[in-house]
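Asks: Give me the fold of what follows.
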Amino acid sequence: MGGRMQKLLESIAGGASSWVELRFHQRNRRRIAMRAGVLEESSSVLSVGIGVRTLVDGVFGFASTTETTAAGIRAAVAAAQAAASAAVGKKRHRVAGLADAHLARGVFPVSTNDPLDNHPLEEKLELVHRIDARLRSGSERIVSSSVGYEEVQDEKIIVTTDGASAHVFDAKPEFRVFAVAADGEDQTMGRASAGVTGGWSDLFARRSAEEMADAAIQLAVDQLSATTPTGGTSTVVLDPELVGLLSHEAIGHTVEADIVLGGAITAGKIGVHVASALVTLCDSGSTEGEPFAVGTLPVDDEGVVTRRTVIIEQGVLRSFLHNRESAAHFGVEPTGNARAFTYGDDPIIRMRNTYVERGETPVEELIGDVKQGFLLRGLGFGGQADSNGEFMFGVREGYVIRNGKVGELVRGATVSGNAFDVLRSVDAVGNDFTWDNSSGYCGKGQPAKVAAGGPHLRCRATIGGRQT
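Replies: The predicted structure follows:
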């Protein structure tokens, strides 16, 4: 079907009277969920449709259809053009033009040696059942468990009147486990997850499902005897997951060009020092540093070939993240950050794989130089960030550092501050690198799969706790 559909879209685009973007999207989505020994969901959903975007007299029009015949697609093009024409007299802002871009042509397959379709539903169900049983039997203190598996396999064909014609395949599986431990009325939770762009074995390349379950059990049980931390400003060592979270939530959203135009703290600061000279922060459509990053995509939903974008270079803000419209506004090249979750969604500016580049300091040295502080690992429950870079995140694991030695576990910790102030305080960057291969989605009006990561960082931030 793919070749015939691509030729049909090219034919329709070639006969269009205005700029047109046609995006065929077929998605296969499978979910398996189990809680406390009970199978709650085993579903498989197929969706197929076409999103159409047009540009008429400086105004975008959008329409979508599940009718994939030539007549159905042409009707959607006409509907999108009519929507744009009807809005021309009412729009204050007109699109001056779309920036020239490296538009994709050809076939872009999934990179894996172990496709998801090589593994039947029965194998995936058996894994979820087995890991749930492992969680529940892992300790007498475990009182509840949850296991989930999800996979999304996409096929897209993106054709534009100005030259894009890309046939793109994608596969993103994820696996997650939760364990709840209790001591009387006191309850704590441990969790672990993985999500990748790739195949079945890629999902478990870093940790097996059993190892994830055991880590969740251990964390849940250990937290029962942990104390809350002493609050205040402190030297902290952030693990790659928290570095990625800071990069994505507290920095990355402030450099998405549509948010910049809405008044983000980064507006007007290209060329300004916003972080320590040790910090280089990037966003890439390919996977860097470690394979299978879940935000990987070779072509964005405007048909632009994705590339690595250096956002902050040695502490200096160098670039925002753009679609073709915002790139034209700022007079720069598009960065390949236009993404749409389904065929029924308009492409908007989204991150892909956002990360801090690795540094030169061994992690043991980075920790060893701390006289008093905390080692913080992973996202806990709750958190927020805004367009001014202010953030507060719950911490999954916190450990006291005394005289360069990692000590006892603390629970209920939070880390907060202004992200740019925190990055300015960085005085050491680890020589390691890890993607936060977690499950879930980033939300910004519509979901998107993203990855974030980096090395360990040493910096200053505010630590808070809660009473237990």
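
Asks: from what I can see E10 touches V159, true?
Replies: Yes. Between E10 and V159 there is a contact at 5.5 Å, judged by CB atoms under 8 Å. From N, CA and C alone the C-beta is placed, and that goes for glycine too.

Asks: in what helix or strand does F341 lie?
Replies: Using DSSP states H and E, F341 sits in no helix or strand.

Asks: What's the separation between the nearest residue to it once chain neighbours are set aside and H253?
Replies: Closest residue in space to F341, ignoring its immediate chain neighbours: Q446 at 4.3 Å, by CB to CB, 6 or more residues apart in numbering. Q446 sits at a distance of 14 Å from H253 (criterion: CB to CB, to the nearest Å).

Asks: For the stretch 301-450 of the chain, just list every one of the strands.
Replies: Read by DSSP state E, counting those that start in this stretch, the stretch 301-450 of the chain holds these strands, from start to end of the chain: 309-313, 316-317, 338-339, 348-349, 353-356, 372-385, 390-402, 405-410, 414-418, 428-429, 434-435, 442-443, 447-448.

Asks: How about the contacts made by D222?
Replies: Shown in contact with D222 (CB atoms under 8 Å, 6 or more residues apart in numbering): L409.

Asks: since we're on E10, how many residues are nearby?
Replies: 17 (other CB atoms under 10 Å).

Asks: got a list of what it touches?
Replies: V159, S165.

Asks: For it, pull up the helix or strand it's in.
Replies: With elements taken from DSSP H and E, the one containing E10 is helix 2-14.

Asks: Give the pairing partners of whichever helix or strand comes after that helix; include direction for each.
Replies: Next helix or strand after helix 2-14 toward the C-terminus (DSSP H and E): strand 19-35. In the sheet containing strand 19-35, its partner strands are strand 38-56 (antiparallel), strand 142-160 (antiparallel), by DSSP bridges.

Asks: Secondary structure of T462: a strand, I assume?
Replies: Yes. Under DSSP: H, G, I helix; E, B strand; the rest coil, T462 falls within a strand.

Asks: Once you drop chain neighbours, what's closest to it?
Replies: Across the structure, with CB to CB, 6+ apart as the measure, the residue nearest T462 apart from its sequence neighbours is S416 (4.8 Å).

Asks: Am I right that the one you found is in contact with G394?
Replies: No. S416 is not in contact with G394 according to CB under 8 Å; the separation is 10.1 Å.

Asks: Give me the buried positions along stretch 438-446.
Replies: Going by neighbour count (16 or more other CB atoms under 10 Å), the buried part of stretch 438-446 is S438, S439, C442, K444, Q446.

Asks: oh sorry, the question was meant for stretch 186-206
Replies: Buried, per 16+ other CB under 10 Å, within stretch 186-206: 188-200, 202-206.

Asks: Also stretch 40-53?
Replies: Taking 16+ other CB under 10 Å as the basis for neighbour counts, the residues of stretch 40-53 that come out buried are G49, I50, G51, V52, R53.

Asks: These into JSON lines, with extra columns for distance to S139?
Replies: Formatted as JSON lines, the buried residues of stretch 40-53 follow (distance: CB to CB, whole Å):
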{"residue": "G49", "distance to S139": "47"}
{"residue": "I50", "distance to S139": "51"}
{"residue": "G51", "distance to S139": "49"}
{"residue": "V52", "distance to S139": "54"}
{"residue": "R53", "distance to S139": "53"}
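
Asks: mind putting those residues in CSV, distance to G285 and pLDDT included?
Replies: CSV is the format used below for these (distance: CB to CB, whole Å; pLDDT from 0 to 100):
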residue, distance to G285, pLDDT
G49, 24, 98
I50, 23, 98
G51, 20, 98
V52, 24, 98
R53, 20, 98
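
Asks: Pick out whichever of the residues you listed sits closest to I131.
Replies: Nearest to I131 among those, counting by CB to CB, is G49 at 34.5 Å.

Asks: Show me what that closest one is bridged to.
Replies: H25.

Asks: hang on, the earlier thing: between the strands of the stretch 301-450 of the chain, which gets nearest to N28?
Replies: For those, proximity to N28 was assessed by CB to CB; strand 447-448 is nearest, at 16.5 Å.

Asks: ok, that closest one: who's next to it in the sheet?
Replies: Sheet pairing for strand 447-448, assigned by DSSP bridges, gives strand 442-443 (antiparallel).

Asks: low-scoring stretches of the stretch 201-350 of the chain, by residue?
Replies: Low-confidence segments of the stretch 201-350 of the chain, defined by pLDDT under 70, are absent; every residue clears the threshold.

Asks: picking up where we left off before, what touches both of E10 and V159?
Replies: With contacts defined as CB under 8 Å, 6+ apart, the residues shared by E10 and V159 are S165.

Asks: Would you mind measuring from the residue nearest to T462 to G138?
Replies: Distance from S416 to G138, counting by CB to CB: 33 Å.

Asks: before we move on, the earlier item: tabulate the strands paired with strand 19-35 in CSV, adding columns for distance to T69.
Replies: Formatted as CSV, the strands paired with strand 19-35 follow (distance: least, CB to CB, whole Å):
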stretch, distance to T69
strand 38-56, 10
strand 142-160, 15
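
Asks: what about these, which gets the closest to L261?
Replies: Comparing those by their distance to L261 (CB to CB), the top pick is strand 38-56, with 18.5 Å.

Asks: residues of stretch 301-315 that come out buried?
Replies: Along stretch 301-315, the positions that meet the burial threshold by neighbour count (16+ other CB under 10 Å) are D301, E302, G303, V304, V305, T306, T309, V310, I311, I312, E313, G315.

Asks: ugh, wrong one, stretch 459-468
Replies: Going by neighbour count (16+ other CB under 10 Å), the buried part of stretch 459-468 is C459, R460, A461, T462, I463, G464, G465.

Asks: so which of the residues you listed would you say is closest to V426?
Replies: For those, the residue nearest V426 by CB to CB is C459; the value is 4.6 Å.

Asks: For that closest one, list each beta-bridge partner.
Replies: Assessed by DSSP bridges, C459 has beta-bridge partners V236.

Asks: Might one say that it is in contact with L423?
Replies: Yes. Contact status for C459 versus L423: in contact at 7.2 Å, counting by CB under 8 Å.

Asks: I401 versus the closest residue to G404 other than its chain neighbours, what's the distance?
Replies: For G404, ignoring the flanking residues on the chain, the nearest one in space by CB to CB, 6+ apart is G368 at 3.9 Å. According to CB to CB, G368 and I401 sit 9 Å apart.

Asks: more neighbours, those two?
Replies: Remark: of G368 and I401, I401 carries more neighbours, 21 against 14, as counted by other CB under 10 Å.

Asks: which residues does the more buried one contact?
Replies: The contact partners of I401, taken as CB under 8 Å, 6+ apart, are T235, V237, I367, V370, Q372, G373, F374, L375, G407.

Asks: I'd like to know how far the fourth one sits from V221.
Replies: It refers to V370. With the distance defined as CB to CB, V370 ends up 27 Å from V221.

Asks: re the thing from before, which two among the buried residues of stretch 301-315 are spaced furthest apart?
Replies: Counting by CB to CB, the most remote pair of the buried residues of stretch 301-315 is G303 and G315, 33.8 Å apart.
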